[in-house]
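**Q** Following is a predicted model, sequence given first.
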Amino acid sequence: MRATALASRASLRNAALRNGEALACRRTFASYSLPILRQANGQNHPRIGLSQCGVQQWPAQRRWQTGAAAAVQETAVHDPSALSQEAIVENLDPQEAARLDKVRNIGIAAHIDSGKTTATERVLFYTGRIKDIHEVRGRDAVGAKMDSMDLEREKGITIQSAATFCDWIKKNPDPVSGEMKEEKYHINLIDTPGHIDFTIEVERALRVLDGAVLILCAVSGVQSQTVTVDRQMRRYNVPRISFVNKMDRAGANPWKAIDGINQKLKMAAAAVQVPIGMEDQFKGVVDLIRMKAVYSEGENGEVIREDEVPDDIREFAQEKRRKLIETLADVDEDIANAFLDERTPSPLEIKAAIRRATISLKFTPVLMGSALADKSVQPMLDAVCDFLPNPSEVENLALDRKRAEAPVKLVSYNSLPFVGLAFKLEESNFGQLTYIRVYQGKLKKGANVTNARTGNKVKIPRIVRMHSNEMEDVQEIGAGEICAVFGVDCASGDTFAEGGLGYSMTSMFVPDPVISLSIKPKQTKDTPNFSKAMSRFQREDPTFRVHVDNESGESIISGMGELHLSIYVERMKREYHVEVVTGQPQVAYRETMTQHVPFDHLLKKQTGGAGDYARVIGYMEPTGQLGDNVFEQQVIGGTISEKYLFACDKGFQASCIEGPMLGHKVLGTRMIINDGATHMTDSSELAFRTATMHAFRQAFRQGQPQVLEPLMKTVITAPNEFQGNIVGLLNKRNATINDTEIGPDEFVLTADCSLNAMFGFSSQLRAASQGKGEFTMEFSHYAPAPPQLQKELVAKHEKERMERNKR
Ligand SMILES: Nc1nc2c(ncn2[C@@H]2O[C@H](COP(=O)(O)OP(=O)(O)OP(=O)(O)O)[C@@H](O)[C@H]2O)c(=O)[nH]1
């Protein structure tokens with residue numbers, strides 16, 4: 001990590017110095033080197049793009065030295081490892097930079113029901129991708145374009161992320177003549193679900209996108225899932241613009257949303273627009289950068305009319321413009337200098353500062369509008385082009401396995417060898433569809449590429465661009481873009497690269513399932529279809545897992561919540577015509593030990609012929625954190641050979657999968673083997689593995705084991721008059737209430753609740769709040785289950801085991 005940070009720092013400096021911008025850069029460099037060093041220390045850090053220090057301009061500005069460039073390009077194609085990424089970038093054709101400048105890969109993410117799909121529908125309409133607007137749960141029963149699954153349309157929720165692309169013609173006034181110029185941007189867009197149960201969809205989208213639009217509800221502001229999405233954006237260093245939607249709703253207050261971003265998300269935010277009218281009088285916005293009123297008119301808001309700022313809000317707009325400049329001065333040196341010189345920065349300077357600060361993850365510009373009322377969506381599209389990075393401005397690293405996993409910078413230029421990441425798999429009528437983000441090089445139909453994980457070479461038979469559930473065949477896809485391919489066998493998160501390039505990229509974060517239930521087809525004749533569905537769902541969704549319980553022989557599905565699993569049960573019925581029987585939802589408990597326990601275990605069996613012999617000596621103890629389990633060997637003098645110690649490690653790992661108390665996974669346990677004995681003829685790997693497993697079981701049981709249960713961060717929002725009822729509901733469940741925020745009409749309560757106590761909570765909340773309460777639940781951490789529950793669980797497990805043994 002440190003090496004990467006230093007390399008990045010060096011490359012920024014070198015690039016800037018080479019560019020003849022030494023002085024300007026040295027100043028800016030100081031403010032960027034700090035975050036990089038923070039990165040080296042494992043703290044949150046902005047993604048360092050080539051845009052910083054003005055680097056993004058230099059490919060276009062550089063003299064294009066034809067001979068040298070041709071030679072470097074030749075090397076880049078045939079032996080890229082011989083060149084630094086910098087050298088590659090430095091020698092590329094300015095046309096590449098110009099192409100990338102007009103590409104944006106963005107995601108739309110937000111709390112449930114904030115209007116992501118509704119806003120995306122407008123984006124598709126205004127960019128000419130669809131001819132008519134259809135609403136989520138609209139009266140025409142058609143449904144929004146991006147919610148293509150029947151279940152999504154019926155339930156009015158997004159379940160799977162959907163990708164699309166569009167071209168946006170941005171109209172820019174020329175800074176000198178004031179004349180309108182048109183620029184065409186190509187936008188690849190992914191609409192993501194809001195429910196936490198489908199969080200993997202957000203996770204994988206953000207892994208591959210360069211920027212995001214964070215949508216907030218104008219009435220509710222920052223909500224529980226906004227915080228989750230913010231965390232995911234930070235995880236992948238994704239810059240974002242914010243869009244306060246639903247400005248037409250009663251109680252709309254964009255300033256509350258902006259305060260929420262500043263205070264709850266701890267991200268500097270300021271409005272770049274102020275509303276003209278509010279609630280049902282919402283008419284448009286004032287663009288604070290240019291001080292122009294912008295109205296969306298025509299039947300669907302497709303006509304944008306600009307006018308002077310209305311007199312009654314001129315002063316207010318001036319005040320908010322000052323606030324914008326003040327906030328920018330805190331995060332951008334150029335604006336800080338203008339501020340110190342008591343000079344008002346020009347619109348161009350403000351725009352450039354917003355772009356720099358957004359890309360370096362220090363700031364988010366806030367826009368506002370109403371997707372449903374067709375108001376002010378186009379300025380949001382302009383902001384995507386103005387403030388979010390193009391693919392060349394984002395640093396993407398791969399690990400070069402041929403050079404001891406050394407990090408290499410991928411550059412989104414077509415002329416480099418292809419590298420892409422498969423981030424999503426989906427079964428379609430034509431076979432498996434694999435979504436790929438192309439980081440470098442072109443992906444061409446018929447090309448042979450290598451899967452970095454398996455080493456298998458695959459031919460790309462068909463490439464498509466996705467438009468929700470429709471597709472458009474293409475012959476090739478350029479660097480920095482997103483596409484889908486058919487007929488490629490791989491797993492989600494696999495890297496593909498051209499020829500002998502040994503690059504692999506890190507995959508996305510996959511949260512562990514917290515809930516499971518037993519499942520079987522009602523009729524045995526449906527078993528083949530049932531198995532087919534199970535393997536498909538597992539391939540597509542890494543948070544959906546299936547296993548067969550060793551003891552009961554039942555199939556168990558695990559996932560992120562009741563909704564998540566119920567959607568798969570429903571899909572099984574609709575898409576595979578399999579009716580299933582499910583058991584009660586089960587919590588994914590964990591087991592741990594709390595005491596240090598020494599062991600000395602001898603496995604010795606003599607049954608004629610070769611026997612079994614293994615002796616393992618050491619101790620087990622808690623690691624102190626409820627995280628990964630650790631196996632260590634500290635054998636001195638070779639009493640156990642390396643080969644047998646490896647078998648011990650395997651025995652330990654196997655024991656951790658099925659804990660001795662309930663058969664659930666073990667957490668936070670360490671095993672040290674420091675001595676033992678081996679028999680010349682009777683010892684074997686199997687004997688050592690078995691001996692370790694026996695030693696584990698005994699030591700764990702003596703080590704005051706504990707059952708751990710998942711605690712869920714639960715956020716409940718309801719009208720104030722129901723607060724008493726709801727607190728009562730939570731008390732009954734032994735929840736710990738961490739925070740209550742009381743607003744004028746509604747309160748927001750945050751609590752840690754045991755998942756075990758939350759089954760059926762939604763119907764009780766509905767009853768306790770006349771259907772007006774809402775809640776979200778997200779895994780927080782594992783904690784010891786109450787002693788009584790532990791006893792009951794262990795007794796139940798023992799009883800089931802004995803009954804099975806009797807059979
Ligand atoms: N009043 C008002 N309602 C809106 C606006 N935008 C969306 N809605 C409504 O809010 C509800 C949710 O909209 P969606 O677009 O499905 O929200 P989403 O964020 O995509 O939902 P999930 O993906 O399921 O989290 C729908 O009933 C929309 O009609 C808006 O600007 N104003």
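**A** Happy to help now that I have it.

**Q** Show me what from this protein comes close to the ligand.
**A** Within reach of the ligand by C-beta under 6 Å from any ligand atom, the chain has these residues: 110, 112-118, 135-137, 156-158, 193-194, 245-246, 248-249, 370-373. Quick note: C-beta positions are derived from backbone N, CA and C, even for glycine.

**Q** What about those residues, which are in helices?
**A** Cross-referencing these against helices under DSSP state H gives 116-118.

**Q** Turn those into CSV, columns for distance to residue 737, neighbour count and pLDDT.
**A** As requested, those are exported to CSV (distance: C-beta to C-beta, whole Å; neighbours: other C-beta atoms under 10 Å; pLDDT from 0 to 100):
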residue, distance to residue 737, neighbour count, pLDDT
116, 30, 29, 87
117, 33, 26, 86
118, 33, 25, 90
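
**Q** And those, which is closest to residue 670?
**A** residue 116 (44.0 Å; C-beta to C-beta).

**Q** burial of the nearest residue to that closest one once chain neighbours are set aside, as a residue count?
**A** Residue nearest to residue 116 in three dimensions, not counting chain neighbours: residue 108, with 4.7 Å by C-beta to C-beta, 6 or more residues apart in numbering. Counted with other C-beta atoms under 10 Å, the burial measure for residue 108 works out to 26 neighbours.

**Q** Tell me the gap between the helix or strand harbouring residue 108 and the middle of its chain.
**A** If you go by DSSP states H and E, residue 108 is part of strand 103-110. How far strand 103-110 lies from its chain's middle: 12 Å, per C-alpha atoms, centre = their mean, to the nearest Å.

**Q** Let me know the average pLDDT across that strand.
**A** Averaging pLDDT along strand 103-110 yields 91.

**Q** Which secondary structure state does whatever residue of the stretch 501-650 of the chain ends up closest to the ligand sit in?
**A** Scanning the stretch 501-650 of the chain for proximity to the ligand using C-beta to the nearest ligand atom identifies residue 563 as nearest, at 10.8 Å. Assigned state for residue 563: helix (three-state reduction, DSSP: H, G, I helix; E, B strand; the rest coil).

**Q** where's it relative to residue 484, distance?
**A** Shown here: residue 563 relative to residue 484, a distance of 26 Å by C-beta to C-beta, to the nearest Å.

**Q** more crowded one of these two?
**A** Set residue 563 next to residue 484 and count neighbours by other C-beta under 10 Å: residue 484 wins out with 23 against 17.

**Q** What is the strand or helix carrying that one packed up against?
**A** Taking DSSP H and E as the definition, one finds residue 484 inside strand 482-486. When contacts are defined as 3 or more C-beta pairs under 8 Å, 6 or more residues apart in numbering; DSSP states H and E, strand 482-486 sits against strand 162-173, strand 431-440, strand 462-467.

**Q** what angle do the shortest one and strand 482-486 make?
**A** Put plainly, it is strand 462-467. Put simply, strand 462-467 runs at 130 degrees to strand 482-486, going by axes from the mean of the first three to the mean of the last three C-alpha atoms, to 10 degrees.
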